[in-house]
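*Asks:* Here is the input, now give the coordinates:
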Amino acid sequence: MDKKNTLRAGALVAGTTLMTLLMSSPVLAVSRDDGDDPGPGLTVAETLGLYVAMPLVIFAIIAGLVVVLDKSRKQQRA
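*Replies:* Residues are numbered from 1 along each chain as shown. Presented below is the predicted three-dimensional model:
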């Protein structure tokens, strides 16, 4: 029974993703709108820092705060 549900969920996700990709029109991104003023592009290092390193650092900070401020261990020992 679990295998059937897993396959159903996978098919649903794949279908939803496919429909989203097909319905989006990247061709329209080529034409500029009136008033568009795009800034300079990001370098590879800036892109990796912004979309890879920054989330990892934020995750590490949040995880560290959870571990340090966790009081359930102290309650079990007492």
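
*Asks:* Have a look at the protein and report its longest helix.
*Replies:* When the chain is parsed with DSSP state H, its longest helix is helix 2-23.

*Asks:* buried sites along it?
*Replies:* Neighbour counts over helix 2-23 (16 or more other C-beta atoms under 10 Å) mark no residue as buried. All C-beta spots, glycine's among them, are computed from the backbone N, C-alpha and C.

*Asks:* elements contacting whichever helix or strand comes after that helix?
*Replies:* Scanning forward in sequence from helix 2-23 by DSSP states H and E, the next helix or strand is helix 44-48. If you count contacts as 3 or more C-beta pairs under 8 Å, 6 or more residues apart in numbering; DSSP states H and E, helix 44-48 packs onto no helix or strand.

*Asks:* Using CSV, write out the CA atom coordinates for helix 44-48.
*Replies:* Below are the C-alpha coordinates for helix 44-48, written out as CSV (Å, rounded to 0.1, in the frame of the first residue of the first chain):
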residue,chain,number,x,y,z
VAL,A,44,29.5,33.3,-10.3
ALA,A,45,31.0,33.9,-6.8
GLU,A,46,28.3,36.4,-5.9
THR,A,47,25.6,34.0,-7.1
LEU,A,48,27.0,31.1,-5.1
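
*Asks:* Touching that helix from outside, list them.
*Replies:* Helix 44-48 has contacts (C-beta atoms under 8 Å, 6 or more residues apart in numbering) with no other residue.

*Asks:* what element comes up after it heading to the C-terminus?
*Replies:* Proceeding N to C from helix 44-48, the next assigned helix or strand is helix 54-69, under DSSP H and E.

*Asks:* follow-up on the earlier one: neighbouring contacts of the longest helix of the chain?
*Replies:* Counting by C-beta under 8 Å, 6+ apart, helix 2-23 makes contact with no residue outside itself.

*Asks:* what is the rounded mean pLDDT of it?
*Replies:* Helix 2-23 shows a mean pLDDT of 88.
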